[in-house]
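K.L.:
Predicted model follows, preceded by the sequence.
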Protein chains: 2
Amino acid sequence: MAKTVSERNDVLPILGEIFREYGFSGASLAVITARTGLGKGSLYHFFPKGKVEMAEAVLNHIDQWFEENVYIPLRENQDPTAGINVMFQAVNDYFYSGNRVCLVGVFALDNTRDKFSKKINDYFSAWINSLAIALKRNGMSTHEAKIVSEDIVAGIQGALVLARSQNDPKVFTRTLKSLQKRALDR
Amino acid sequence: MAKTVSERNDVLPILGEIFREYGFSGASLAVITARTGLGKGSLYHFFPKGKVEMAEAVLNHIDQWFEENVYIPLRENQDPTAGINVMFQAVNDYFYSGNRVCLVGVFALDNTRDKFSKKINDYFSAWINSLAIALKRNGMSTHEAKIVSEDIVAGIQGALVLARSQNDPKVFTRTLKSLQKRALDR
DNA sequence: TATACTATGTACCAATTGGTACAACAATTT
DNA sequence: AAATTGTTGTACCAATTGGTACATAGTATA
């Protein structure tokens, strides 16, 4: 039983990369079996509801990671500035300094959003809200903190789009720097 | 012959909406025939190379629109501030105040990017460069203008992702205001 | 009105799609 | 070692995929 859980979890990162690259509808079972090395038998054993369940599991996995490495530091770090810096570092790492795209963003744009609307909505809400808390604890007004945190999360997503469109990860790191300054300069 | 061209052009906006909603791989010929009202016969008459040619035509169409309504005003308006304001107004209109997503952004994120990399790259480059010109003419240094225009275009793309993920167009209009201020405050 | 070109509907195609059924195999528990 | 449970490969399925062939219908020009 422990085996089951761990084997299933081991595939999630691979599935994540596949969905990132191909999008939901582009990720055919053919590429999924090829890249994971699991046959349909195993795949449907671990994810009886097929592709949808795979994507849900990946989204949950991502959510967990961000909760732990981004949202909690933002909300709970003694020093809000330190928390914000932790976020920027974690984000830079997570997106491989601009070489990796945001799965949630990929799903959000086209109509696969409808299949996972709650998860997608929650992901960005949690991020924006956590960041706003840190900004407030750092002296911003409630209103300004809301605006700025929205701007920053949007800026990160847009920077990923841009970096990928230009095939130039530096666009991401550059924009990220800019946003970090914006979060901390006061 | 004039008929041909106009009929073909008439379909482009519809095709654009389809690709926006479904992404490239999700946009099946079944939905394309249904939504455009054109059978395969006509479709492959106008676009002999199929889906790829349709998408290329749509991208060209978008490019033209932005050149005319966004890039030229930015680069050539007597008053750079006015040019920048024209851009923000045009962008707000084009994206239906946050109810519509950016096709180029949709294509950029997953691996359909590879099929249209040049067009996608050029779209954002032209936008960023044109905006940077206006910012410079408005007194910014070359370096700052580059950074800021990149931040703004990224911010717009991210705002579209966010607005769609939250199913709340106001996120877009809000962020757009924020960015406009950033472009003009000095 | 005859001619030429454009546009379209229909039938068809092989390949791929996501998914199911199930028998066989492997690993734990008892 | 027997029984139970977890895992996997294979064969199969109907539906859909993007695309082609082509005869016909429509339209403009000469």
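P.N.:
The structure has been received and is ready for your questions. Residues are numbered from 1 along each chain as shown, chains lettered A, B, ... in the order given.
K.L.:
What score does the residue lying farthest from the centre of chain A have for pLDDT?
P.N.:
For chain A, the largest distance from the centre (Cα atoms, centre = their mean) belongs to A:Gly41, which lies 29.2 Å off. Looking at A:Gly41, its pLDDT is 96.
K.L.:
residues in contact with it?
P.N.:
A:Gly41 makes contact with no residue, according to Cβ atoms under 8 Å, 6 or more residues apart in numbering or on different chains. C-beta: built from backbone N, CA, C; applies to glycine.
K.L.:
Roughly how far does it sit from DNA strand D?
P.N.:
According to Cβ to the nearest atom of the strand, to the nearest Å, A:Gly41 and DNA strand D sit 2 Å apart.
K.L.:
repeat for A:Gly26
P.N.:
From A:Gly26 to DNA strand D the distance is 11 Å (Cβ to the nearest atom of the strand).
K.L.:
now swap in A:Pro169 and tell me
P.N.:
Look at A:Pro169 and DNA strand D: by Cβ to the nearest atom of the strand, they are 31 Å apart.
K.L.:
what's the burial count for that residue?
P.N.:
As a burial measure, A:Pro169 scores 18 neighbours (other Cβ atoms under 10 Å in any protein chain shown).
K.L.:
surely it meets A:Gly98?
P.N.:
Yes. In this structure, A:Pro169 is within contact of A:Gly98 by Cβ atoms under 8 Å, at 3.1 Å.
K.L.:
which residues are in contact with both of the two?
P.N.:
With Cβ under 8 Å, 6+ apart as the test, A:Pro169 and A:Gly98 both reach A:Ala163.
K.L.:
ok, back up a step: does whatever helix or strand the residue farthest from the centre of chain A lives in come close to DNA strand C?
P.N.:
A:Gly41 is located in helix A:40-46, with elements delineated by DSSP states H and E. Yes. Judged by Cβ under 7 Å from any atom of the strand, helix A:40-46 and DNA strand C are in contact via A:Lys40, A:Gly41, A:Tyr44.
K.L.:
could you point out which element follows that helix?
P.N.:
Taking DSSP H and E, what comes next after helix A:40-46 is helix A:51-66.
K.L.:
Tell me which residues are up against the next helix or strand after that next one.
P.N.:
As assigned by DSSP H and E, the chain's next helix or strand after helix A:51-66 is helix A:72-76. Residues outside helix A:72-76 that contact it (Cβ under 8 Å, 6+ apart): A:Ala82, A:Gly83, A:Ile84, A:Val86, A:Met87, A:Ala90, A:Ser130, A:Leu131, A:Ile133, A:Ala134.
K.L.:
I'm done for today, thanks for sticking with me.
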